[in-house]
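> need coordinates for the following:
(3 chains)
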Amino acid sequence: MKKQADNFSKRARSQFSDFAKKVVTIVAKIPKGKTMTYGQVATKAGNPRAARAVGTLMSRNYNPKIPCHRVVRADGSVGNYNRGGAERKAEMLFEEGVR
DNA sequence: TAGCTGACGCAAA
DNA sequence: ATTTGCGCCAGCT
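Here you go, the predicted model:
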């Protein structure tokens, strides 16, 4: 119910959305061999509904500190990757011990 | 400024 | 169990 408006104000004061910063921090905190869903990242970022935005931020604004391959969908699927290299991402996770 | 797209999530059929 | 539709937020054109 319009609680997102609060975050909106904060976003306006910075050139880069505070959302993206949080996403970077959170994803960067993902331990090796583990995976986090976009929904979890979005939730920790401040908006549990912003799962899409998280993916958008990654695809459009790629960050070197963000092991995007460790971010998967809520269903457990690997989800997508840059340019559709989802299979590559899946293998990477598999070798880390993620199934 | 306004609109469209998109690395998602969840509910319903 | 699987597939389809709708809703959400943020970024880019």
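
> pLDDT below threshold where in chain A?
Counting by pLDDT under 70, chain A contains low-confidence residues at A:1-15.

> surely residue A:49 is within a strand?
No: judged by DSSP: H, G, I helix; E, B strand; the rest coil, residue A:49 forms no part of a strand; its state is coil.

> can you report how many residues neighbour it?
By other Cβ atoms under 10 Å, 10 other residues sit near residue A:49. For the C-beta atoms, the positions are set from N, CA and C on the backbone; glycine is no exception.

> if I look at the nearest residue to it once chain neighbours are set aside, how far off is residue A:61?
Closest residue in space to residue A:49, ignoring its immediate chain neighbours: residue A:42 at 7.0 Å, by Cβ to Cβ, 6 or more residues apart in numbering. For residue A:42, the distance to residue A:61 (Cβ to Cβ, to the nearest Å) stands at 15 Å.

> so for these two, which residue has more residues nearby?
Neighbour tally, residue A:42 and residue A:61, criterion other Cβ under 10 Å: the higher count belongs to residue A:42, 23 against 13.

> who's in contact with that one?
Residues in contact with residue A:42, defined by Cβ atoms under 8 Å, 6 or more residues apart in numbering, are A:23, A:48-51, A:53-54.

> which pair in those residues spans the largest distance?
The most widely separated members of these, counting by Cβ to Cβ, are A:23 and A:49 (13.9 Å).

> so which bits of the helix or strand that contains the residue nearest to residue A:49 are buried?
Using DSSP states H and E, residue A:42 falls within helix A:38-45. Going by neighbour count (16 or more other Cβ atoms under 10 Å), the buried part of helix A:38-45 is A:38, A:40-45.

> great, nothing more from me.
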